[in-house]
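Participant: just coords:
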């Protein structure tokens, strides 16, 4: 049950995230859902590594894509769902840390398309450093809300 | 051991892929490695699904990124390694099928940068349909070959 | 007047191109309009140069964006118009030649969104070399045809 | 002659901009050059319009590309020059106003690659509205400074 003080999108987004098997597979969590922004956290564990022991760039892309997509979902009505049309991502430094934090935010929302961005930070010894930057286009599917 | 008839990059790329835990986590395989092109295959299984039961767009991105990155690696000397600088990906249709095939190919290779593209196909009932298109920039790190 | 044998989109696209002042400013022409593909040609002249005497990357982007956008327009009904949602472009070599040719083509067309690509070639001494690669998303505006 | 108080990159960047014929063709100016950021201004005039009377998306791309590229150039030594590797741009609203302002900024600078972003605003009746967002990769060419 949603807390009385929570906006309705929080419950919908948490329910959607709970159904994303791929997010559980990589052990991602969604601790922050606010109007126009979300955060996805990912612990560094061996299952998500690439050949040099850093987090795989594709996994960095997964959490950036999802964080920004859910930021967009905070702006659409309950009867609508969101789809990623495309995203572009720069991997600027190795994803080197105990944890990654992907912060997604809405840049501009229209009725049919929403433009978002995400930044991914590696947290090492308590210090955050920016490792990836993403720009994304989301499509709103009206009349096709997630159950 | 590499077959006598294989070019040397095949063995290096297979060894690199074998060290990518994230590729094993999602159950991806690399059945094709040829000069300038590779294929990564992914079975559809519940661990890689998003909330609608299709393969997660971020997972589609992972195999596209890796297929194109390894295509680039076929063009660099053994003493060098490759890094993804950035990629841009359009998700054009739901990744709906028993299997996904990501085909990566080199568009143009320079000494420092290599431009690649990847197409991802969903295979359903034996029929392939294009579901994603990616354009990528790879950086060659000379003197930093993978062990 | 359109030739009897021409599909109706050719006339609409030529009329639209004729109203694009920016295309005339850079001296671009649109010699090829076919179902799902177009070509824009640009002579190399001093007005479009950057500081090294090659054609400016932004001008390369202009002709790639327009060539691909008009390729998309061949797929929409007369009562609709097209808008560029976004594009991503790799500049792979200096645009060095007497002429540039941008070839736009549709990759996948849906009712609301069309994904396209464009390649830009520099023609030097009669020989074409690929200098830029673009991937683009186009939105179809139904009920808003160009007059 | 550079003012005594100006950092050395200002003079180099102004000289480079002065050699860009394509910037003069569209009547763009570069009123702001500071460490890590620049601004390019473009008056709305009929030569840069597309078929609906707004500024052409490709022209918006030109000023975004240049503003961000010159922001990168503030971070490289005098013996080096910069090249656009690629850029990705979302056109979020018609470029509708008396003037456009492209603001370029460095996101992260490395020795060989610099990641930048640009925002383009339309100014109408003194009010700015964001119409385009760009993410870009710049390559530093050491030992190849612009004269």
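Facilitator: Right, received. Where do you want to start? Since this is a predicted model, take the numbers as computed values, not measurements.
Participant: For the longest helix seen in chain A, name the packing helices and strands.
Facilitator: Ranked by residue count and defined by DSSP state H, the top helix of chain A is helix A:57-73. For helix A:57-73, the elements it packs on are helix A:8-18, helix A:21-25, strand A:37-43, strand A:81-91, strand A:99-109, strand A:113-124, strand A:127-141, helix B:57-73, judged by 3 or more C-beta pairs under 8 Å, 6 or more residues apart in numbering or on different chains; DSSP states H and E. For every residue, glycine as well, the C-beta is placed using N, CA and C.
Participant: which parts of that helix are buried?
Facilitator: A:57-73 (16 or more other C-beta atoms under 10 Å in any protein chain shown).
Participant: do stretch A:130-147 as well
Facilitator: Of the residues in stretch A:130-147, those scored as buried under the neighbour-count criterion (16+ other C-beta under 10 Å) are A:131-140, A:146.
Participant: nearest to residue B:127, of these?
Facilitator: Nearest to residue B:127 among the buried residues of stretch A:130-147, counting by C-beta to C-beta, is residue A:139 at 25.3 Å.
Participant: show me where pLDDT drops low in chain A?
Facilitator: Segments of chain A classed as low confidence (criterion: pLDDT under 70) are A:1-6, A:147.
Participant: tell me the contacts of residue A:9?
Facilitator: Contact partners of residue A:9, counting by C-beta atoms under 8 Å, 6 or more residues apart in numbering or on different chains, are A:33, A:35, A:73-74, A:78.
Participant: now with 6 Å?
Facilitator: residue A:74 (C-beta atoms under 6 Å, 6 or more residues apart in numbering or on different chains).
Participant: how near is it to residue B:42?
Facilitator: According to C-beta to C-beta, to the nearest Å, residue A:9 and residue B:42 sit 32 Å apart.
Participant: Residue A:109 now?
Facilitator: In this structure, residue A:109 and residue B:42 are 32 Å apart, going by C-beta to C-beta.
Participant: Looking at those two, which is more packed in?
Facilitator: residue B:42 (24 against 19; other C-beta atoms under 10 Å in any protein chain shown).
Participant: just the residues of chain A that are near chain D, which are they?
Facilitator: Contact residues, chain A versus chain D (C-beta under 6 Å from any C-beta of the partner chain): A:88, A:90, A:92, A:107-108, A:115, A:133, A:135.
Participant: Quick check: residue A:76 touching residue A:141?
Facilitator: No: proximity of residue A:76 to residue A:141 does not meet the contact threshold set by C-beta atoms under 6 Å, at 8.7 Å.
Participant: check contacts around whichever residue of chain A sits closest to chain D.
Facilitator: When scored by C-beta to the nearest C-beta, chain A has residue A:88 as its residue closest to chain D, at 4.2 Å. With C-beta under 6 Å, 6+ apart as the criterion, the residues that contact residue A:88 are A:135, B:88, C:88, D:88.
Participant: And for residue A:97, the neighbour number?
Facilitator: Using other C-beta under 10 Å as the criterion, residue A:97 is surrounded by 22 other residues.
Participant: Would you agree it is in contact with residue A:125?
Facilitator: No: taking contacts as C-beta under 6 Å, residue A:97 lies outside contact range of residue A:125: 8.2 Å.
Participant: any idea how far residue D:51 is from the residue most central in space within chain A?
Facilitator: Using C-alpha atoms, centre = their mean, the residue of chain A that lies closest to the mean C-alpha position is residue A:67, 1.2 Å off. Using C-beta to C-beta, residue A:67 is found at 37 Å from residue D:51.
Participant: For the residue of chain A closest to chain D, list each beta-bridge partner.
Facilitator: Partner residues in beta bridges with residue A:88: residue A:135, residue B:88, with DSSP bridges as the criterion.
Participant: now residue A:128: how far from chain C?
Facilitator: 28 Å (C-beta to the nearest C-beta, to the nearest Å).
Participant: Nearest spatial neighbour of that residue, chain-adjacent residues omitted?
Facilitator: With C-beta to C-beta, 6 or more residues apart in numbering or on different chains as the criterion, residue A:128 has its nearest non-adjacent residue at 4.2 Å, and that residue is residue A:121.
Participant: neighbours around the one you found, how many?
Facilitator: Residue neighbour count, defined by other C-beta under 10 Å, stands at 19 for residue A:121.
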